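> All I have is the shape, not the residue letters:
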Ligand SMILES: Nc1nc2c(ncn2[C@@H]2O[C@H](COP(=O)(O)OP(=O)(O)OP(=O)(O)O)[C@@H](O)[C@H]2O)c(=O)[nH]1
Ligand SMILES: [Mg+2]
């Protein structure tokens, strides 16, 4: 057999293999009587990582599918219709208003959000599976997209901690030089405290408030991410104030006497753990099928080494919620459903395309230490560099005989259309020298209008690949 025949033979075998695979899938669907008709796709990330913009743009492009050439169901011309339908069991994500905001003549970025919300898109499509086509040619699938704060996942370690461990770790964190000034007021109150003294509601409230103020300062003024317990900075939705009336304590040895401040704080910590943290995992997380985790690497780099480490530690903690191998905290009492996980570095339009590979690699390194030891939900995870709404164009300029990839867009800080060299990312964790050279100064750009109709594909970077990685198989 010559080379050509071998190749033909190879593709013939592949084709037969594909047919058998299709037949098997079609028959399995038939035998089980179920083609899954809904996928709950959760989108999370730390504050300002791009969740709301991404959710809005995904909804927009699914409702006007011309901008998703790499989504198989679109590429194979099998998508018949889509529409927005109410999602009854979650607070609504204001999809129409958000799309209108980004489609306006003067588009504006959406306002920050701090709660979970969801939307559902009904999709009518034809299956690409030959046998499936004979049985059930047109199918209906609901993609339910849920946007929720990644900070809620930072509370996961509390589930395996008792009050003592929580206190010890929180004290160590507050001792870091970057946090010390913010923690000073709370530490001063603690200095005069005897945790074995009898309970005192007013003093307990003051201590909890001082601890909240410290966490607030870390988050709001310093832009730090590792905030624990998360609901201390988001009390509006904590119905029972007592659940957040405690703070870490410098611990004396031995148990606290009953009725003492220490004992009361310990009991409330345990209630917070069971009634807030566990409850989120039980009622929401356990119902997610697929998960996208967004990371804003550029802002983390802009802010310098202490912030970068803070984001790195936060991501490492977030990632633990998706580790279901041995030693997983969650699988002791919950059966998580997430079986596909995609990590995406956002705002890739803030750098030149030549830097996307480095962006992806850096994110891979940040999520990889955990993945090396434990499987993520039994499926390999994917990592991508994306922009939900591309707000820049690439302009090539020549400098001293060298071609530079620059960006053109309207800067947020000046409001002016500008061409600039955006700088480069390290493909690995930054070295000390990188921080000294003032290397990272990535800029923010004002949004471009979300396009209607045919030009959708150029208005984002890899949004379709992200969607394909997350849910492509559900529309096969
Ligand atoms: N250029 C560009 N900027 C983006 C993109 N996505 C998000 N941004 C920027 O990031 C900011 C935060 O985006 P959001 O989608 O609101 O982020 P979030 O994660 O929902 O933020 P919170 O609700 O505060 O947690 C926006 O105001 C934009 O400045 C993008 O695709 N391209
Ligand atoms: Mg948001």
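Thanks, I have it. These numbers were taken from a predicted model, which means no experiment stands behind them. Ligands and ions are numbered 1, 2, ... in the order given.

> Next to ligand 2, which bits of the stretch 1-150 of the chain? Give me the list.
For the stretch 1-150 of the chain, the residues in contact with ligand 2 (C-beta under 5 Å from the ion) are 51-52, 113. Yep, even glycine has a C-beta here, placed from its N, CA and C like the rest.

> Can you name the residues that contact the residue nearest to residue 355 when sequence neighbours are not counted?
Of all residues not flanking residue 355 in the chain, residue 425 sits nearest, at 5.3 Å (C-beta to C-beta, 6 or more residues apart in numbering). Shown in contact with residue 425 (C-beta atoms under 8 Å, 6 or more residues apart in numbering): 297-298, 301, 351, 355, 358-359, 362.

> Verify the contact between residue 139 and residue 126 for me.
Yes: with contacts counted by C-beta atoms under 8 Å, residue 139 reaches residue 126, the gap being 7.3 Å.

> Counting neighbours, go ahead and name the busier of those two.
residue 139 (22 against 18; other C-beta atoms under 10 Å).

> so the more buried one sits in a strand?
Yes: checked against DSSP: H, G, I helix; E, B strand; the rest coil, residue 139 lies within a strand.

> quick one: it and ligand 1, what's the gap?
Separation of residue 139 from ligand 1 (C-beta to the nearest ligand atom, to the nearest Å) stands at 31 Å.

> Could you shift the numbering so residue one becomes 28, and keep it that way?
Got it, first residue is 28 now, which makes that one residue 166.

> Okay, and the beta partners of that residue?
In this entry, residue 166 is beta-bridged to residue 152, by DSSP bridges.

> Kindly report the same for residue 109.
On the basis of DSSP bridges, residue 109 takes part in beta bridges with residue 150.

> what residues are up against it?
89-90, 92, 148-151.

> now residue 174
Counting by C-beta under 8 Å, 6+ apart, residue 174 touches 70-71, 78-79, 82, 120, 140, 143-145.

> burial of the residue of the stretch 128-277 of the chain at minimum distance from ligand 2, as a residue count?
Here the stretch 128-277 of the chain gets closest to ligand 2 at one residue, residue 140, 3.4 Å apart by C-beta to the ion. As a burial measure, residue 140 scores 17 neighbours (other C-beta under 10 Å).

> excluding its backbone neighbours, what's nearest residue 105?
Distance criterion C-beta to C-beta, 6+ apart; nearest residue to residue 105, sequence neighbours excluded, is residue 153 at 4.4 Å.

> Give me the pLDDT value at residue 400.
Note on residue 400: pLDDT of 47.

> do residue 362 as well
In the predicted model, residue 362 carries a pLDDT score of 86.

> and the nearest residue to it once chain neighbours are set aside, what does it touch?
Nearest in space to residue 362, with sequence neighbours left out and distances taken as C-beta to C-beta, 6+ apart, is residue 313 at 6.9 Å. Contacts for residue 313 (C-beta under 8 Å, 6+ apart) come out as 361-364.

> Over to residue 197?
Contacts of residue 197 by C-beta under 8 Å, 6+ apart are 255, 275.

> again, but for residue 337
By C-beta under 8 Å, 6+ apart, the contact list for residue 337 reads 251-253.

> Quick one, which of the contacts of residue 313 are buried?
Using 16 or more other C-beta atoms under 10 Å as the burial test, these include 361, 363 as buried.

> Which two among the contacts of residue 313 are spaced furthest apart?
The span of the contacts of residue 313, defined through C-beta to C-beta, is set by 361 and 364 at 9.8 Å.

> Strands of the stretch 178-327 of the chain, residue ranges please.
According to DSSP state E, counting those that start in this stretch, the stretch 178-327 of the chain carries its strands in the segments 317-322.

> Verify the stated contact: the residue nearest to residue 105 with residue 163.
No: contact between residue 153 and residue 163 fails when scored by C-beta under 8 Å: they sit 9.8 Å apart.

> so the residue of the stretch 128-277 of the chain closest to ligand 2, which of the three states?
Following three-state DSSP, residue 140 is assigned to coil.

> And the pLDDT at it?
93.

> What strand or helix carries the residue lying closest to it once chain neighbours are set aside?
Leaving aside its sequence neighbours, residue 140 sits nearest to residue 79 (C-beta to C-beta, 6+ apart; 5.4 Å). Element membership for residue 79, per DSSP states H and E: helix 78-90.

> Which other helices and strands does that helix contact?
The helices and strands touching helix 78-90, judged by 3 or more C-beta pairs under 8 Å, 6 or more residues apart in numbering; DSSP states H and E, are strand 65-72, strand 106-112, helix 122-130, strand 144-153, strand 165-174, strand 317-322, helix 490-498.

> wait, does that helix contact ligand 1?
Yes: using C-beta under 6 Å from any ligand atom, helix 78-90 reaches ligand 1 at 78-80.

> Now the element after that helix, going C-ward?
Toward the C-terminus, helix 78-90 is succeeded by helix 99-102 as the next helix or strand (DSSP H and E).

> near ligand 1, which residues of the stretch 278-427 of the chain?
Contact residues (C-beta under 6 Å from any ligand atom) of the stretch 278-427 of the chain with ligand 1: 373-374, 376-377, 414-416, 418.

> hmm, try it at 8 Å
Proximity of the stretch 278-427 of the chain to ligand 1 (C-beta under 8 Å from any ligand atom) is limited to residues 321, 323, 373-377, 413-419.

> quick one on the thing from earlier: would you mind giving the contacts of residue 313 as CSV with distance to residue 214 and secondary structure added?
As requested, the contacts of residue 313 are arranged in CSV below (distance: C-beta to C-beta, whole Å; DSSP: H, G, I helix; E, B strand; the rest coil):
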residue, distance to residue 214, secondary structure
361, 36, coil
362, 42, coil
363, 38, coil
364, 42, coil
